[in-house]
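> With the input below, show me the fold.
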Amino acid sequence: MAIREKIYVGNIGTVIDLDTEVDISTATSVKIAALKPDETEVEWTGTIEGTTVVRYTTIADDLDQEGVWRLQALVTTPSGTWLGNTVTMAVYPEFG
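Numbers count the residues shown, from 1 in each chain. Reported below is the predicted structural model:
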């Protein structure tokens, strides 16, 4: 995962890249499955960058909790649907 900044609750425009390390260029759907610190699950619709990366840019209300988030790429191809490796992302409170 490549994140270029410290992330705060409420950030808009944070780019999240999850490298699947496999060719997903034939994918029909790419998403990021996110597990928030309170164990709530959400999915964000991503885009394919290059041939292996799922990218998502945060919008208002996406990053609504401080703490450790767990993220996985969720990719659907003509041959099936699979999850990528789990990565963690720290989200800090304002002024944290």
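
> any idea how far Ser79 is from the spatially closest residue to Glu41 that is not a sequence neighbour?
The shortest distance from Glu41 to any non-neighbouring residue, by CB to CB, 6 or more residues apart in numbering, is to Leu35 (5.6 Å). All C-beta atoms are positioned from the backbone trio N, CA, C, and that covers glycine. From Leu35 across to Ser79, the span is 26 Å (CB to CB, to the nearest Å).

> Over to Asn11?
Taking CB to CB, one finds Asn11 at 35 Å from Ser79.

> and these two? which has more neighbours close in?
Asn11 (17 against 7; other CB atoms under 10 Å).

> Show the contacting residues for that one.
58, 63 (CB atoms under 8 Å, 6 or more residues apart in numbering).

> cool, Leu35 as well?
41, 69-71 are the contacts of Leu35 under CB under 8 Å, 6+ apart.

> now swap in Thr57 and tell me
13-16.

> Ok, Val68 next?
37, 88-91.

> Where does it fall, secondary structure wise?
Following DSSP states H and E, one finds Val68 within strand 67-77.

> Give the buried residues for that strand.
For strand 67-77, burial by neighbour count (16 or more other CB atoms under 10 Å) applies to 69, 71-75, 77.

> Would you mind naming the residues that bridge with the most centrally placed residue in the chain?
Computing the C-alpha centroid of the chain and ranking residues by CA atoms, centre = their mean puts Ile32 first, at 4.2 Å. According to DSSP bridges, the residues that bridge with Ile32 are Trp44, Ala73.

> and the gap between it and Gln65?
16 Å.

> Just give me the closest of the contacts of Val68 to Ser25.
Using CB to CB, Met89 comes nearest to Ser25 of the contacts of Val68, at 25.2 Å.

> count of neighbours near the closest one?
Met89 has 16 nearby residues by other CB under 10 Å.

> try Thr26
Neighbours of Thr26 (other CB under 10 Å): 11.

> now do Asp61
Asp61: 8 surrounding residues under other CB under 10 Å.
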